[in-house]
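**Student:** Test case, fold it:
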Amino acid sequence: MKLEVDYMVETLKTVLIPMIAEGSVEYSDINLNKELGFSIEKIIYNEKTRNLIIIAPDRPEKSSLIGKGGWVVGRLREELNVNNIHVDAYSDMIIRIYRMELAMRKLENIIPNMETPSLPLKNLNDLLIQRIKNLGEFNFSTNFESELEFLKINKRLKNDLIGDDLSKDHKAIVALSGGVDSSFSLIVAKLMGFNPVAVTVDPGNIILPSYFKNSVETLTNSLNVSHEYIEVDMSIIVNDALDGKIHPCGRCSSTIETALINYAKKSKIPFLIFGDFLATGSQSIISIDGFWRINLPAMLSATKGETKSLSSYFNITSKGGYGCPLINEVHKKHPHMRRYSMQRILRETRAGVLEPGQALNLITRTL
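**Tutor:** Numbering: from 1, shown residues only. So this is what the prediction gives:
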């Protein structure tokens, strides 16, 4: 094991040190077939951030470059003295790009047919174009660095992003649970000019514990976003789950979605935004009863790492583990229910949302 790691690190150092010495660089098609048995699609180094991106052809090569337990990239980061090394697979990027292209085509069909022009949708379309052109190096925090800093200090956006002459009405409801995915969606919705109202469905502490509520209040205060709670009765779902009759996640999600859809109908706000990673592509924005439902992370082909990174800018962090206190209690009382939680984790893994290592950690925590 040590010999393999040492060989990989020394081989990659031989290639990378001269590149990094040049400053900010981008190299394509680096032939390492003789040394490693494969080529590297692209290497991107940013001298300002001291971040290094290595794009491998496919997942097997990506795994080799990361090394078991991250030993190769860990050693490489230390010896190259860079801040961060991110390794991606070009095959995964192609799928993400194609899904964003599908979403962009859908937006380009929707935007011209709207009764009133939608600047937020146009901004979303522009964001998709940026990510498609430069997915390997795209970083939400860096891309919106000045807007985020301005927003953090002033609790409002710069006028060059949202004109003063535009309506201040809410254009979107954002379903906010306090997790990193819904927090990511609220931040992006704010940046895109939706002037969102955040809505949290509250089924009680066993599903929405106080630490999620603290995150909700921290973020909405930081962004100066209006926020409302909707109370729902999930006592039947909770009791049936604790009795081992059902796995609660599907029914819980359905109840929350129904409450938010009813809220959207009553409020007549045109967009309802969720922090879902599925459905992707053209199905990431669909029309429902006169308003548009958007799965924002899915539309942008975001990864869990990206939602965590952007949310952390406003001190929203992942709590680790899988699910809410209810599902954890169900796992303890009825171990056979764990398999259904694992199926949900694997569904996101197959979709490319979770890395295999992330999925393994979540599955391990359910056991």
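
**Student:** got the buried residues for the helix or strand encompassing Ile363?
**Tutor:** According to DSSP states H and E, Ile363 maps onto helix 356-366. Neighbour-count burial for helix 356-366, counted by 16 or more other Cβ atoms under 10 Å, picks out Gln358, Ala359, Leu362, Ile363, Thr366. The way it works is simple: take the backbone N, C-alpha and C, and place the C-beta from them, glycine included.

**Student:** what does stretch 174-185 give?
**Tutor:** In stretch 174-185, counting by 16+ other Cβ under 10 Å, buried: Val174, Ala175, Leu176, Ser177, Gly178, Gly179, Val180, Asp181, Ser182, Ser183, Phe184, Ser185.

**Student:** Using CSV, lay out those residues together with pLDDT, distance to Leu127 and secondary structure.
**Tutor:** Below are these laid out as CSV (pLDDT from 0 to 100; distance: Cβ to Cβ, whole Å; DSSP: H, G, I helix; E, B strand; the rest coil):
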residue, pLDDT, distance to Leu127, secondary structure
Val174, 98, 16, strand
Ala175, 97, 20, strand
Leu176, 97, 20, coil
Ser177, 95, 23, coil
Gly178, 93, 24, coil
Gly179, 93, 22, coil
Val180, 94, 19, helix
Asp181, 95, 17, helix
Ser182, 96, 18, helix
Ser183, 97, 17, helix
Phe184, 97, 13, helix
Ser185, 98, 13, helix
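
**Student:** Take the residues you listed and write them to CSV, including distance to Phe274.
**Tutor:** Shown next, in CSV, are the buried residues of stretch 174-185 (distance: Cβ to Cβ, whole Å):
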residue, distance to Phe274
Val174, 8
Ala175, 5
Leu176, 10
Ser177, 10
Gly178, 14
Gly179, 12
Val180, 14
Asp181, 9
Ser182, 7
Ser183, 12
Phe184, 11
Ser185, 7
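
**Student:** now, among these, which is nearest to Gly23?
**Tutor:** Relative to Gly23, the closest of the buried residues of stretch 174-185 is Phe184; by Cβ to Cβ it sits at 31.7 Å.

**Student:** which residues does the closest one contact?
**Tutor:** Gly275, Leu296, Pro297, Ala302, Glu306, Thr307, Leu310, Ser311 (Cβ atoms under 8 Å, 6 or more residues apart in numbering).

**Student:** ok, back up a step: how about the buried residues of helix 356-366 in a markdown table, adding pLDDT?
**Tutor:** Output for the buried residues of helix 356-366, formatted as a markdown table (pLDDT from 0 to 100):
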| residue | pLDDT |
| --- | --- |
| Gln358 | 80 |
| Ala359 | 85 |
| Leu362 | 87 |
| Ile363 | 89 |
| Thr366 | 87 |
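
**Student:** care to break the chain down by domain?
**Tutor:** 2-90, 139-366 (automatic domain parsing).

**Student:** which one of those domains lies closest to Asn113?
**Tutor:** Ranked by Cβ to Cβ, the member of the domains of the chain that lies closest to Asn113 is domain 139-366, at 10.8 Å.

**Student:** Can you give me the end-to-end span of the closest one?
**Tutor:** With Cα to Cα, to the nearest Å as the measure, domain 139-366 spans 31 Å from end to end.

**Student:** Looking at the contacts of Phe184, which are in helices?
**Tutor:** Of the contacts of Phe184, the ones assigned to helices by DSSP state H are Leu296, Pro297, Glu306, Thr307, Leu310, Ser311.

**Student:** Turn those residues into JSON lines, including pLDDT, distance to Asp169 and neighbour count.
**Tutor:** Formatted as JSON lines, these follow (pLDDT from 0 to 100; distance: Cβ to Cβ, whole Å; neighbours: other Cβ atoms under 10 Å):
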{"residue": "Leu296", "pLDDT": "97", "distance to Asp169": "20", "neighbour count": "29"}
{"residue": "Pro297", "pLDDT": "96", "distance to Asp169": "25", "neighbour count": "27"}
{"residue": "Glu306", "pLDDT": "92", "distance to Asp169": "29", "neighbour count": "18"}
{"residue": "Thr307", "pLDDT": "94", "distance to Asp169": "27", "neighbour count": "28"}
{"residue": "Leu310", "pLDDT": "95", "distance to Asp169": "25", "neighbour count": "24"}
{"residue": "Ser311", "pLDDT": "95", "distance to Asp169": "26", "neighbour count": "25"}
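
**Student:** With respect to Leu52, which of those residues is nearest?
**Tutor:** Distance to Leu52 across the ones in helices among the contacts of Phe184 (Cβ to Cβ) is lowest for Glu306, with 17.5 Å.

**Student:** Contacts only, for the nearest residue to that closest one once chain neighbours are set aside.
**Tutor:** Nearest non-adjacent residue to Glu306, counting by Cβ to Cβ, 6 or more residues apart in numbering: Phe140, 6.0 Å away. The contact partners of Phe140, by Cβ under 8 Å, 6+ apart, come to Val188, Ala302, Glu306, Ser309, Leu310.

**Student:** gap between the third one and Arg339?
**Tutor:** So that's Glu306. Using Cβ to Cβ, to the nearest Å, one obtains 29 Å as the distance from Glu306 to Arg339.

**Student:** Over to the fourth one?
**Tutor:** In this structure, Ser309 and Arg339 are 31 Å apart, going by Cβ to Cβ.
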